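1. Here is the input, now give the coordinates:
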Amino acid sequence: MADDETVNMIQADDGTTWVEIASVGNEDEANLLRGFLEAEGIASQIENVKFTEAPTTFGAMGDIRIYVGEDDEARALELLKQRNEEWERLDDDGETLVTDEGESAIDDDAETEPE
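-> Below you'll find the predicted structure:
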């Protein structure tokens with residue numbers, strides 16, 4: 001994280017220091033980021049500080065935070081940066097499907113596989 005930002009850290013009972021690397025507005029996005037990081041071999045945790053008594057999706061009452069171990073912070077931030085850059089470069093034409101292997105075209109004339 002940038003030097004001028006406050007970094008949230010959690011000290012676990014086992015001595016592990018967890019560092020916040022991202023904050024998102026919903027659980028689906030948090031789980032997606034967690035799965036992405038874990039697929040890259042980086043253990044992560046989610047802290048849901050969403051206040052559920054009111055429909056709030058802004059500020060501290062709407063945050064879902066993603067944490068990684070202090071030793072993995074730099075690599076995790078770099079991976080998220082690369083992921084965001086790749087996302088920005090995607091052609092948003094409504095005809096592009098993104099898979100784990102990259103972009104894939106949608107063929108409207110293709111036959112479906114039998115069930």
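2. how far away is the closest residue to Arg75 other than its chain neighbours from Asn84?
-> Distances taken as CB to CB, 6 or more residues apart in numbering put Ile42 closest to Arg75, at 6.6 Å, once the chain neighbours are dropped. In short, each C-beta sits where N, CA and C put it, glycine included. Separation of Ile42 from Asn84 (CB to CB, to the nearest Å) stands at 16 Å.
3. Just give the number of residues close to the residue nearest to Arg75.
-> Residues contacting Ile42 under the criterion other CB atoms under 10 Å number 18.
4. can you tell me which residues contact it?
-> Ile42 makes contact with 68-69, 72, 75-76, 79, according to CB atoms under 8 Å, 6 or more residues apart in numbering.
5. same thing but 6 Å
-> Listed by CB atoms under 6 Å, 6 or more residues apart in numbering, the contact set of Ile42 reads 68, 72, 76.
6. Mind pulling up the pLDDT for it?
-> Here the pLDDT value assigned to Ile42 is 96.
7. So it belongs to a strand, correct?
-> No. For Ile42, which was evaluated using DSSP: H, G, I helix; E, B strand; the rest coil, the result is coil, with no strand membership.
8. Just give me the neighbour total for Gln45.
-> Taking other CB under 10 Å as the neighbour definition, Gln45 ends up with a count of 15.
9. swap that for Arg34, please
-> If you count neighbours by other CB under 10 Å, Arg34 ends up with 19.
10. do the same with Asn48
-> Counted with other CB under 10 Å, the neighbours of Asn48 add up to 11.
11. Name the surrounding residues that touch the one helix or strand Gly35 maps to.
-> Assigned by DSSP states H and E, Gly35 belongs to helix 27-39. In this structure, residues lying in contact with helix 27-39 by CB under 6 Å, 6+ apart are 22, 24, 44, 46, 64, 66, 76.
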